[in-house]
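Engineer: What follows is a predicted structure for the sequence shown.
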Amino acid sequence: MAKIQNVRGTYDVYGETKRKMKKVVSTGAEVVEKYGFEEIETPIFEFTEVFSRNLGETSDVVTKEMYCFQDRGGESLTLRPEGTAGVVRSFVSEGMQQNLPVKLYYAGPMFRYERPQKGRQRQFTQFGCELLGVETPQADIEVISMAYEFVEKLGLEGNVVVEINSLGDQESRDAYRTKLVEYLRGHIDELSGDSKERLEKNPLRVLDSKEECDKEVVANAPLYWDSLNEASKNFFNEVLKGLDSLGIKYRVNNRLVRGLDYYSHTVFELVTDKLGAQGTVLAGGRYDGLVEQMGGGAVAGIGWACGVERLSMLLEQDVSLPRPIAVIPVGEDTNGKAIEIAYLLRKAGYRVEQSYGGNLKKRMIKANKANAYKAVIIGSDELANNEVTIKDLDSGEQKNVAINKIVEEIK
RNA sequence: GCGAACGUAGCUCAGUUGGCAGAGCCCCGGUUUGUGGUACCGGUUGUCGUGGGUUCGAGCCCCAUCGUUCGCCCCA
């Protein structure tokens, strides 16, 4: 019988990988909680329209990457491909606009039917946050600085660049779109096949095409900046000024657009060159129209999400665990005492490994493999004197200690 | 969805024109029956991803399939 394998694009996460991912998530939580964000957990599946209506009818995520299914009641449901739509849906259905601003963060699995590659899986984990109800640039600055502090805290600031752009408000966006389409039509013969298609469906995406022929056309395309109206320009300048004052280094990238339709004004990405084609490690932006689209009031929003797997792949060192103490009974009649001592040490806050079987030598080998720094050896000889032997496993020194002095002796 | 490479022990990999499936690491035992790490000695580990085909004979050649990796696309 052939071995059963896991579904393509899904992975079992354990050991070093799990430790690193856990560290990414706990570091993220620690940082955003300082900014007053609270954790929210929304369902892993939603009605399909939560995503299809809001991420953009023509986006690739909606048209070909969603895991949609019908449940037994005939409802069309979808495994969430990203986090924001679900959080905003929850914001609306729970009536949270009574209590603005709302600051939420989440971590959990997302699903996209894509061709797997390094840093691109069909089930992957995102950590993200959403700030709802703040229209001013302060929100943008705060949220970006939070992202920056997060990667800094992971020790990745040298590997990662902040790229930022503004898509402006609806008026600016429409104006630019018109100008861009007009320009691209004039060069339609020079564009790649993909870009010709994008020209109809989602012309902004032509801007970040990697095809050489497209790049040449795009090089002379009208600049987004020139289409921004005064209000949008002022807004963006305020954001950049704020980042400057915090000493956050960024690169304005006028070609940066995002794949999901709900973005407006500020969009940003944290990008690395260490993961091949999957260089975007954290991305986000402002989505002022989304709450309304979802059936709520006119509430502004901004947020970001990061790929936990991608970030943890950048962590070079394994996450170190505290070294344990090994408690080792010698001979049958000492097992009971060993359990008592292990319990005592654990209650005193130590990490303790018991060895479950074998002679002293085997148990010592196990202790060593567990990276224990001390061994507490309990034999009948010692027990007769109400003592144990404590051995320092780094120096090899050992001494006898009275049982009631173990905890204070060990520190 | 498109293009390319790859799949051999738990891990990293070697395997010549098609001729008995290997190494290192890990693991287990011993040197040392109450003392680990270093050293030395010995040992186990396989449907060669899966299914077909060609051949006297296939890990190697052919076809299909599943999976992985890289690029495109997309995105976190």
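Structural biologist: Arrived safely. Residues are numbered from 1 along each chain as shown, chains lettered A, B, ... in the order given.

Engineer: A:A107 belongs to a helix, doesn't it?
Structural biologist: No - per DSSP: H, G, I helix; E, B strand; the rest coil, A:A107 lies outside any helix segment and is strand.

Engineer: Check the burial of it by counting its neighbours.
Structural biologist: 21 (other CB atoms under 10 Å). (Each C-beta comes from the backbone N, C-alpha and C, glycine too.)

Engineer: how close does A:I141 sit to RNA strand B?
Structural biologist: Note on A:I141: its distance to RNA strand B, by CB to the nearest atom of the strand, to the nearest Å, is 19 Å.

Engineer: brain fart, A:S145
Structural biologist: With CB to the nearest atom of the strand as the criterion, A:S145 and RNA strand B are 17 Å apart.

Engineer: Which helix or strand contains that residue?
Structural biologist: helix A:137-153 (DSSP states H and E).

Engineer: Which neighbouring elements make contact with that helix?
Structural biologist: Packing contacts for helix A:137-153, counted by 3 or more CB pairs under 8 Å, 6 or more residues apart in numbering; DSSP states H and E, involve helix A:15-34, strand A:123-132, strand A:160-166, helix A:230-245, strand A:264-272, strand A:280-286, strand A:301-307.

Engineer: quick one: contacts of it?
Structural biologist: Helix A:137-153 is contacted from outside by A:27-28, A:30-32, A:35, A:101, A:129, A:131, A:157, A:160, A:162, A:164, A:235, A:238-239, A:242-243, A:246, A:248, A:250, A:265-266, A:268, A:270, A:281-282, A:284, A:286, A:300, A:302-304, A:306, A:311, using CB atoms under 8 Å, 6 or more residues apart in numbering.

Engineer: repeat for stretch A:360-367
Structural biologist: A:A326, A:I328, A:V330, A:E353, A:S355, A:G358, A:A375, A:I377, A:L393.

Engineer: what sits against A:K20?
Structural biologist: A:K20 neighbours (CB under 8 Å, 6+ apart): A:S312, A:M313, A:L315, A:D318, A:V319.

Engineer: thinking again about what came up before, which among the contacts of helix A:137-153 count as buried?
Structural biologist: Among these, those scoring as buried are A:27-28, A:31-32, A:129, A:131, A:157, A:160, A:162, A:164, A:235, A:238-239, A:242-243, A:248, A:250, A:265-266, A:268, A:270, A:281-282, A:284, A:286, A:300, A:302-304, A:306, A:311 (criterion: 16 or more other CB atoms under 10 Å).

Engineer: Also within reach of RNA strand B: list those from these.
Structural biologist: A:V281, A:L282, A:C306 (CB under 7 Å from any atom of the strand).

Engineer: Return the distance of the first one relative to A:T272.
Structural biologist: This means A:V281. A:V281 sits at a distance of 5 Å from A:T272 (criterion: CB to CB, to the nearest Å).

Engineer: A:V299 now?
Structural biologist: Relative to A:T272, and taking CB to CB, A:V299 is found at 33 Å.

Engineer: Many thanks, I have nothing further to ask.
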